[in-house]
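Colleague: Sequence first, predicted coordinates after that:
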Amino acid sequence: MLDVFSDRALVAAMLAFEAALADAEAAEGIVPKDAAAAIVAATRADIDVDALVAAARSAGSIAIPLVKTLTAAVAARDPAAAAYVHWGGTSQDVIDTAMVVVTGRALDLVARDLDRLVDALVALARSHRATPVLARTLLQPAQVVSFGFKVVAWVAPLVRARERIARARDAALKLQLGGAVGTLGALGDKGDAVARRVAERLGIRAADPWHVQRDDWVALGCEVAILCGSLAKIGTDVALLAQGEVGEVAEPAGEGRGGSSAMPQKRNPVAPLAAIAAGVRAPQHAAALLASMRQAHERGLGDWQAELAEWPTLFLSASGALVALADAIAGLEVDAARMRANVARQRGTVFAEAAAALIAPALGKQKASSIVGALAARAAAGGGDLDALVRADSAFAAVGADAIAAAFDVDAAARRAGDVAVARLDRLLVAQPTSGESR
C-alpha cells in the first residue's frame, strides 16, 4: 500500500493521464498527431520525482512543476509540440485522475486481503460451529453460545463491507476532466469525446467533471473507514479472548512475534493491536474527508488539499489491519477446553434465564426471575452450582429432572447457537457470493 501511494506511483499515474489526454485530443483532431506522439514519448522518460515534490511546496500543487517539466522534455524533442502539453486540462484534472488510478490499485489490495480474512473467518466459524463458549455482555459472562456463533458476528460486517465498497468503488473511480472551471471550454464541442477516450485508455469510467462535487469520492473513503471499525471490533474481541486470565484463543506463535523488550514470558496480541489502531485512526480520517467537502465555488482552497493528505493514510490503516488479521485468523489457536472450563467456572449461573423459563408459566416471569436470581447469587458466592440448587428448591418441585438437565446442557446451548450462526452465514454468502468458499 505504501508503494501504491508513493510519490513515484502518483507521478507515473499523472504522466499516464497526460499521455492519454494527448492521444485522445489527437484522435479528435484537436492537437496534431506528431505533437501527441512527442508528448506520449516524453511521458515515458525518467523524471526526478524528488525535485517535483520539492517544487510542489512553493507551487501549491505537484501538477504545476510536473507540467512544466513535461513541457520542457517535449520541447527538447519537438519545440512545436510543447505548446500542446496539458491542452485543455487543469491541475486538479491530472491529480484527481491520478488519485483515482492509484486508488483502484489500493482497492485491489484491500479486496485481496479482505477476501483472505473472510475466507479464514468462514472456515473458523464452520469448524467451531458447536464449540461452547461464553457470550459476554458489558464484559461480563452472559450465556453459552458457540465460538462459531461469535465468529459469524465478526465476518458478517466484513461481507457487507465488501459489497458496499464494491458499489462505492464503481461510483467513485471515474475520470476527472473539466478544464479550468469544469466546462472543458478549451476543447470546444469535442470535450465529451475526448473524455471518453481518456477514460478508456486509463481503464476508468468517463464522467462529468466533479472538481468540487466530492460526494462519491468521500463516500468511498467513509466505507473504508467503516471497514476499519469492523476490523477493530474483531481485534478487540480477539485481544480480550487472548488475555491470560481468559486464555480462549491465541495468535499463531512465531519467532519474535508478540514479544516484549522487558518480559520474556509475554505473548502480546500483535494483529489486534494493528486492527484497533486502525479503528482509532479511521474516524479522524473520515471526519477530515467529510469536512473537506465544503470546497468553495469551482475549485477548493485548502480543503481539497486536506483531502489529498488524508486519503492515503486511511488506506494504509485499513491495509495494515487487514493483513495483520488475515494472517492471524488463518492460524488462530482456539482452546476449546479452556472455553468449556470458563463456562464451568460460572457454576451454572449463565443458564439462569433458561431455568427461570421452566417455572415462569406457573409463577409469572417476574417471580420466576426473582427466585432464580436469588439462587444464582448463592451459586456465585460458592454455595453450589445453580443446577443443583434449582433441583433442591421447592419452586421447581413440579419440573421434571430431564427438563432441568436440558436447561443446563452446555452442548445443547452451543449447538443451538451454532445452527443459528451457520444459517445466518449461509444466507449471507448466498446473498453476496464473493468469498473463496462460495466461489
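Modeller: Nice, thanks for sending it over.

Colleague: Sketch out the strands for the stretch 201-350 of the chain, chain order is fine.
Modeller: Secondary structure of the stretch 201-350 of the chain (DSSP state E, counting those that start in this stretch): strands located at 249-250, 333-334.

Colleague: Redo those strands as JSON lines? Include distance to A123 and mean pLDDT.
Modeller: The way it works is simple: take the backbone N, C-alpha and C, and place the C-beta from them, glycine included. Output for the strands of the stretch 201-350 of the chain, formatted as JSON lines (distance: least, Cβ to Cβ, whole Å; pLDDT from 0 to 100):
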{"stretch": "strand 249-250", "distance to A123": "15", "mean pLDDT": "96"}
{"stretch": "strand 333-334", "distance to A123": "12", "mean pLDDT": "96"}
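
Colleague: now, of these, which is deepest in the fold?
Modeller: Using mean count of other Cβ atoms under 10 Å, the stretch among the strands of the stretch 201-350 of the chain with the greatest mean number of neighbours is strand 249-250 (a mean of 22).

Colleague: So which residues make contact with it?
Modeller: 238, 241-242, 267, 332-335 (Cβ atoms under 8 Å, 6 or more residues apart in numbering).

Colleague: In this structure C228 contacts G320, no?
Modeller: No: the pair C228 / G320 is not scored as a contact, 9.7 Å apart, by Cβ atoms under 8 Å.

Colleague: joint contacts of the two?
Modeller: Joint contacts of C228 and G320 (Cβ under 8 Å, 6+ apart) are A278.

Colleague: Neighbour count for these two, which is higher?
Modeller: The neighbour comparison of C228 against G320 (other Cβ atoms under 10 Å) goes to C228, with 28 against 21.

Colleague: residues in contact with that one?
Modeller: C228 neighbours (Cβ under 8 Å, 6+ apart): 278-279, 281-282, 314, 317-318, 321.

Colleague: so what secondary structure elements neighbour the longest helix that the chain contains?
Modeller: In the chain, with assignment by DSSP state H, the single longest helix is helix 91-127. Other elements packing on helix 91-127 under the criterion 3 or more Cβ pairs under 8 Å, 6 or more residues apart in numbering; DSSP states H and E are helix 7-27, helix 63-77, helix 147-172, helix 191-202, helix 215-242, helix 303-330, helix 410-431.

Colleague: Please work out the angle formed by the directions of it and helix 215-242.
Modeller: 30 degrees (axes from the mean of the first three to the mean of the last three Cα atoms, to 10 degrees).

Colleague: what about helix 91-127, average pLDDT?
Modeller: Model confidence over helix 91-127, given as mean pLDDT, is 98.

Colleague: start at 18 instead
Modeller: Right, with 18 as the first residue, what we last looked at is helix 108-144.

Colleague: Which SSE is immediately downstream of it?
Modeller: strand 149-154 (DSSP states H and E).

Colleague: could you dump that following strand to CSV, C-alpha only?
Modeller: In CSV, the C-alpha atoms belonging to strand 149-154 read as follows (Å, rounded to 0.1, in the frame of the first residue of the first chain):
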residue,chain,number,x,y,z
PRO,A,149,-19.2,-24.0,23.6
VAL,A,150,-18.0,-20.6,24.7
LEU,A,151,-19.3,-17.8,27.0
ALA,A,152,-21.1,-15.0,25.4
ARG,A,153,-20.3,-11.8,27.2
THR,A,154,-22.3,-8.6,27.5
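
Colleague: Please pull out the lowest mean pLDDT helix or strand from this protein.
Modeller: helix 66-76 (a mean of 91; mean pLDDT, DSSP states H and E).

Colleague: Could you list the residues in contact with it?
Modeller: 24-25, 28, 79, 81-83, 86.

Colleague: could you dump those to a markdown table with distance to A68, neighbour count and pLDDT?
Modeller: Below are those laid out as a markdown table (distance: Cβ to Cβ, whole Å; neighbours: other Cβ atoms under 10 Å; pLDDT from 0 to 100):
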| residue | distance to A68 | neighbour count | pLDDT |
| --- | --- | --- | --- |
| D24 | 11 | 13 | 95 |
| R25 | 12 | 13 | 96 |
| V28 | 11 | 20 | 97 |
| I79 | 11 | 24 | 94 |
| I81 | 13 | 16 | 95 |
| P82 | 8 | 20 | 96 |
| L83 | 10 | 26 | 96 |
| T86 | 8 | 19 | 96 |
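
Colleague: any chance of those in a markdown table, plus distance to M116?
Modeller: Shown next, in a markdown table, are the contacts of helix 66-76 (distance: Cβ to Cβ, whole Å):
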| residue | distance to M116 |
| --- | --- |
| D24 | 13 |
| R25 | 14 |
| V28 | 12 |
| I79 | 11 |
| I81 | 16 |
| P82 | 17 |
| L83 | 14 |
| T86 | 19 |
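
Colleague: pLDDT weak spots in this structure?
Modeller: 271-283, 449-456 (pLDDT under 70).

Colleague: Domain boundaries for it, per the record?
Modeller: 18-104+206-217, 106-191+227-362+428-456, 366-424 (automatic domain parsing).

Colleague: next one: stretch 138-158 to chain centre, how far?
Modeller: 22 Å (Cα atoms, centre = their mean, to the nearest Å).

Colleague: And that stretch, end to end?
Modeller: 23 Å (Cα to Cα, to the nearest Å).

Colleague: of all the contacts of helix 66-76, which two lie farthest apart?
Modeller: Greatest spatial distance among these (Cβ to Cβ): R25 and I81, at 18.2 Å.

Colleague: Now do the buried residues in the longest helix of the chain.
Modeller: Using 16 or more other Cβ atoms under 10 Å as the test for burial, helix 108-144 gives 108-121, 123-124, 126-128, 130-143.

Colleague: and whichever strand or helix holds K384, what other elements does it pack with?
Modeller: K384 belongs to helix 382-397 when elements are defined using DSSP H and E. Packing partners of helix 382-397 (3+ Cβ pairs under 8 Å, 6+ apart): helix 369-380, helix 403-409.

Colleague: Helix 369-380 and that one, what's the angle between them?
Modeller: 140 degrees.

Colleague: just how off-centre is helix 382-397 within its chain?
Modeller: 43 Å.

Colleague: Likewise for stretch 113-133?
Modeller: Centroid displacement of stretch 113-133 relative to its chain, using Cα atoms, centre = their mean, is 12 Å.

Colleague: what sits against the residue nearest the centre of the chain?
Modeller: The C-alpha lying nearest the average C-alpha coordinate of the chain belongs to L244 (Cα atoms, centre = their mean; 2.9 Å). Residues counted as contacts of L244 (Cβ under 8 Å, 6+ apart) are 127, 131, 175, 178, 182, 335.
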